[in-house]
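Q: I would like the atomic coordinates for the input below:
(one chain, ligands or ions: 1)
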Amino acid sequence: MDKQMPVLPYANDALEPVVSRQTIEFHYGKHLQTYVNALASLTSGTAYADKSLEDIVRTAPAGAVFNNAGQIFNHVSYFMQFRAPQADNAPKGALAAKIDEAFGSFDEFKKQFAQAAATLFGSGWAWLSLNAENKLVIKQYPNANCPIRDGEKPLLVIDVWEHAYYLDYQNRRADYIAEFWKIINWQVVEKRMK
Ligand code: MN
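A: Sure thing, here's the model as predicted:
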């Protein structure tokens, strides 16, 4: 993954009404840009400058470099997995089979993922990942933490920092989580399994 700003594969208002243009302008345009700028500034002229983003996330000690790198990895994963809202949006093929195998059904998976996102205390992320045994797992990650630091392969993520939903949903995190399912581009998620 690049350490620079990604180009979004959709217009700033394409995710409405699930995620507003204003939220994209602030969350992608300001928050993510700040992490990108901070990492560039912190690593310029250091041994980190030539390392990949993934290497930095895996190896940097707890602190500012790790925090900004982790936030870039998490945010780019988040923004690149979306597309315009669709009714009955669900995974297909190998990913759908893998979810059924791990959780029993897509509905049960959504329930468990939503529960992880809703109960994460404070700021952080809920991730669906493949663990070292190639099993799907749902985990909560506080602050800038992320699955590649634990040797897992990250597939699907929800940002539950308040800045991700406050402009559109204010304090109603559960409503944001319920709407989130409409904008997942499951083909992007499935490609991350490979
Ligand atoms: Mn965020």
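Q: how about the residues of the protein near the ion?
A: Residues of the chain lying near the ion by C-beta under 5 Å from the ion: Asp159, Trp161, Ala164. (Each C-beta comes from the backbone N, C-alpha and C, glycine too.)
Q: Now with 8 Å, please.
A: His27, His31, Leu32, Gln71, Asn74, His75, Tyr78, Asp159, Trp161, His163, Ala164 (C-beta under 8 Å from the ion).
Q: Tell me if I'm right that the second one and Asp159 touch.
A: No: at 9.4 Å, His31 and Asp159 do not qualify as touching, with contact defined as C-beta atoms under 8 Å.
Q: who touches both of the two?
A: His75 (C-beta atoms under 8 Å, 6 or more residues apart in numbering).
Q: out of the two, which sits in the busier spot?
A: Neighbours per residue (other C-beta atoms under 10 Å) separate His31 from Asp159, with Asp159 holding more: 23 against 17.
Q: What's the separation between the more buried one and Ile177?
A: Per C-beta to C-beta, to the nearest Å, Asp159 is found 11 Å from Ile177.
Q: same deal with Arg21?
A: Going from Arg21 to Ile177 by C-beta to C-beta gives 21 Å.
Q: Quick check on the two: which one has the bigger neighbour count.
A: Applying other C-beta under 10 Å to Arg21 and Ile177 shows that Ile177 carries more neighbours, namely 21 against 13.
Q: Now the element after the strand or helix carrying the more buried one, going C-ward?
A: Using DSSP states H and E, Ile177 sits in helix 173-180. Downstream of helix 173-180, the next assigned helix or strand under DSSP H and E is helix 186-191.
Q: which other helices and strands contact that next one?
A: In terms of contacts (3 or more C-beta pairs under 8 Å, 6 or more residues apart in numbering; DSSP states H and E), helix 186-191 is packed against helix 93-103.
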